[in-house]
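> Sequence first, predicted coordinates after that:
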Amino acid sequence: MSAAPASGTTPPTNKAADKTADSTKDTKPAAALEEDDEFEDFPVENWTQEETEVPGDNTHLWEESWDDDDTSEDFSAQLKEELKKVEASKKR
Amino acid sequence: MAIVDEFLISISGFLRTKDALQLQLYLRVEPPLPDTFLQLAQELKTSYRDSDVLDRHITKLIPENDNDEADEGNAWPGFLAFMKEYLEFWRDVNFDDLLETHSQLSALVNACITALSNSTYGVVMLPTTIQLSANLAKLAMMLDKRPDLMRRLRKVADEGENRKTLVEGTAESIQRAFTMCLTERTANKNKPEGKKAGIYSFANMVLKLLFQCRKTRLANQLFTNISQHSPPLALYPASQRVTYLYYLGRFLFANNHFYRAQLCLQSAYDQCHAKCINQRRNILIYLIAANMILGRFPSRAFMSRRESAGILEKFAPISKAIRRGDIVAFKKALGPESGNEQWFFRKGILLPLLSRCEVLVWRSLCRQVFLLTYQFPSEPSSRKAPTLDIQDLIAAVQFSQKVLEGWQKPVDPAAGRTHINSMFMKTPDLLPPQQGPKKLSAEQGIIFGNKMPNLLEMEAIVASLVQQGLLHGFISHTQGKFAIIGAKQRGGPLNAGFPAVWEVLKARAEKEGKEAEVPGWVKTERKGFTGGVINLSGARPVGSG
């Protein structure tokens, strides 16, 4: 069994998954539907804070004030027309 | 020397030296493996058909050490039972029959967990147990995606009552190892020492399986136990932290705890390796969904990130509709027309987005109508409260309902030319389709199917928004108006009447103490009973349930 430790450094791959590789040919549409659905196992166990950093803006990820005051776009314009009619009927 | 003998002697040696990593390396089952494993299997098939013979051989080559020295490891009955199971696995396994392999591997993992349970020597089995459990979990996940194979199993299982799915049963097996690690008594409760080092490895496997078989409610107990017994999560490796926070975030999301879900998912996202796109992407989907429900939209910062490719486009029409208060566009953004409905559904975020974000659309619609109808007073010192006429809101909503029912503008004979006096002309009313209004199912309509929204319903919706803190003011039922409070102090009626959603929901979460503590996420060291301060603010009297 001396061979076991020597080759132990190669990353284990799933024999079972290898087996399905052949049979996925005929079930391809279903597989495509589930594209990367699953949260995969991480290839490494641990990493540093530096390795999590992505380039670009990291401080402003979320827009908290997003109200739209533009009343010229389509929906707003249509709404305006409808409301005008209500105003007119109120005055009558 | 025969391979079986050589193998057992090596194992015996690793037990003596407590070499957990060598044990893990030798006690493997997942191909591809060195040829020696095949030779081992072959030898077992030829010479050890009889399990009793095998049993005696194991006991002979891995003897228990009578001269119990403090520093030396030793064999124990649970380990010998596991070794027998392990060699039988290699003797009998047929990787072409995956269902049978799963049941053999299940038996092996159970024996392994029993070996791990030994309080003196068991810990040497921790890496092996993690490895074999991971193999079993992977096989179960793979089988679950093979309906052709599972059908066979179902036929067998149908005969028994209270049957569990293969995935659920696997989760249960691995949960035993999790509980064992979690409840181990160690000198220092706050260090991931001994078996406690394995807590999150097993927890993450169990969570993955429970999410796969859609039995997430079973995760409740796991999170409660972690809250009570686990050392701080921060002491575990990054991969375990991120995976765990991802599942905890999804669990909280599925249970409508969006604020806490967002805290977990944001932390998972921030701690995830920059190059692990699959994981970042999975986290991001739920992180965006939770934030949208809480009134925060993804900013442009995400546009350059690989993991958000293809995701932002799916969410953008929703946030656009929310911004404008456009209910029709909102329903479309999540409906079949968007082409994304199935995707949202499969991710388990369709219904939460529909029901939770609709509230935000209503808020924006009220704001839009106010913006379009309110006459700012000519006299700056006017003390009159700014108001929104509910009748105006009804007109806006009825208009949206008509659009949903397929009403259209009449065809203009002068189409294409703009009338010279167009700004003085009244736009024609929408007309119902000739074949009658489109039949809407309950959720397709604004209130309920083809029900035309009326005063009573609009008042109820405004009242509900006021109650949730998303509109700031009161309803005057007699005048049919919503009046804004504090416009002068808060910089105008828009700021005062329609506070930013995120600010409101964040303040509420903080008030309820959700910022400080997330059940299932151990952030700080727990204090012992001697000399430490115990926080009893959340404790209830005995017997109060």
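All right, it came through fine.

> And the lengthiest helix in chain A, what does it pack against?
Ordering each helix of chain A by length in residues (DSSP state H) puts helix A:74-91 first. Counting contacts by 3 or more Cβ pairs under 8 Å, 6 or more residues apart in numbering or on different chains; DSSP states H and E, helix A:74-91 is packed against helix B:350-373, helix B:390-404. Just so you know, the C-beta spots here come from the backbone N, C-alpha and C atoms, and that holds for glycine as well.

> Can you mark which positions in that helix are buried?
A:Phe75, A:Ser76, A:Gln78, A:Leu79, A:Lys80, A:Glu82, A:Leu83, A:Val86 (16 or more other Cβ atoms under 10 Å in any protein chain shown).

> Save those as TSV, and put in distance to B:Glu30 too.
Formatted as TSV, those follow (distance: Cβ to Cβ, whole Å):
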residue	distance to B:Glu30
A:Phe75	57
A:Ser76	60
A:Gln78	62
A:Leu79	62
A:Lys80	66
A:Glu82	66
A:Leu83	67
A:Val86	70
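
> Give me the phi and psi for B:Glu517.
Note on B:Glu517: backbone dihedrals following degrees, to the nearest 10 are phi -140, psi 130.

> Counting neighbours, what do you get for it?
14 (other Cβ atoms under 10 Å in any protein chain shown).

> how about the helices in chain A?
A:3-6, A:15-23, A:28-33, A:74-91.

> Give me the below-cutoff pLDDT ranges for the chain.
With no chain named, the answer covers chain A. A:1-36, A:92 (pLDDT under 70).

> oops, chain B please
Looking at chain B by pLDDT under 70, you get B:1, B:67-70, B:153-163, B:412-427, B:526-545.

> Looking at it, what residue ends up closest to chain A?
Residue of chain B nearest chain A, by Cβ to the nearest Cβ: B:Pro31 (3.3 Å).

> rewinding a little: so for B:Pro336, which of the helices and strands packed on helix A:74-91 sits nearest?
Shortest distance between B:Pro336 and the helices and strands packed on helix A:74-91, using Cβ to Cβ, is found for helix B:350-373: 11.2 Å.

> close to chain A, is that closest one?
Yes - Helix B:350-373 comes into contact with chain A (Cβ under 8 Å from any Cβ of the partner chain), by way of B:Ser364, B:Arg367, B:Gln368, B:Val369, B:Leu371, B:Leu372, B:Thr373.

> mind listing what the last one touches?
Think B:Thr373. A:Leu83, A:Glu87, B:Leu388, B:Asp389, B:Asp392 (Cβ atoms under 8 Å, 6 or more residues apart in numbering or on different chains).

> mind redoing it with 7 Å?
A:Leu83, B:Asp389, B:Asp392 (Cβ atoms under 7 Å, 6 or more residues apart in numbering or on different chains).

> Out of those residues, which is nearest to B:Tyr259?
B:Asp392 (33.1 Å).

> Was I right to think that closest one contacts A:Leu83?
Yes - if you go by Cβ atoms under 7 Å, B:Asp392 and A:Leu83 touch, sitting 5.6 Å apart.

> what residues are shared contacts of these two?
B:Val369, B:Thr373.

> Kindly report the residues of the stretch 351-500 of chain B close to chain A.
By Cβ under 7 Å from any Cβ of the partner chain, the residues of the stretch 351-500 of chain B that approach chain A are B:367-369, B:371-373, B:391-392, B:395-396, B:399, B:427, B:500.

> Among these, which pair sits farthest apart?
B:Thr427 and B:Ala500 (33.2 Å).

> who's in contact with the longest helix of chain A?
A:70-71, B:324, B:326, B:329, B:368-369, B:372-373, B:391-392, B:395-396, B:399, B:427.

> Could you chop chain B up by domain?
Structural domains annotated on chain B: B:1-231, B:362-374+B:385-407+B:428-511, as defined by automatic domain parsing.

> Just give the number of residues close to B:Ala289.
Residues lying near B:Ala289 (other Cβ under 10 Å) number 26.

> Does it touch B:Leu353 like I think?
Yes - counting by Cβ under 7 Å, B:Ala289 touches B:Leu353, with 6.1 Å between them.

> Between the two, which contacts overlap?
Between them, B:Ala289 and B:Leu353 share no contacting residue, judged by Cβ under 7 Å, 6+ apart.

> What ranges does chain B have for its strands?
With DSSP state E as the criterion, chain B has strands at B:297-298, B:387-389, B:473-476, B:481-484.

> Partner strands of the third one and their direction?
Which is strand B:473-476. strand B:481-484 (antiparallel) (DSSP bridges).

> Likewise for the first one?
Strands that pair with strand B:297-298, judged by DSSP bridges, come out as strand A:62-63 (antiparallel).

> JSON lines for the contacts of B:Thr373, including distance to B:Gln228?
Listed next are the contacts of B:Thr373 as JSON lines, based on distance: Cβ to Cβ, whole Å:
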{"residue": "A:Leu83", "distance to B:Gln228": "57"}
{"residue": "B:Asp389", "distance to B:Gln228": "55"}
{"residue": "B:Asp392", "distance to B:Gln228": "54"}
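
> Out of these, which is nearest to B:Phe202?
Using Cβ to Cβ, the contacts of B:Thr373 come closest to B:Phe202 at B:Asp392, 58.8 Å.
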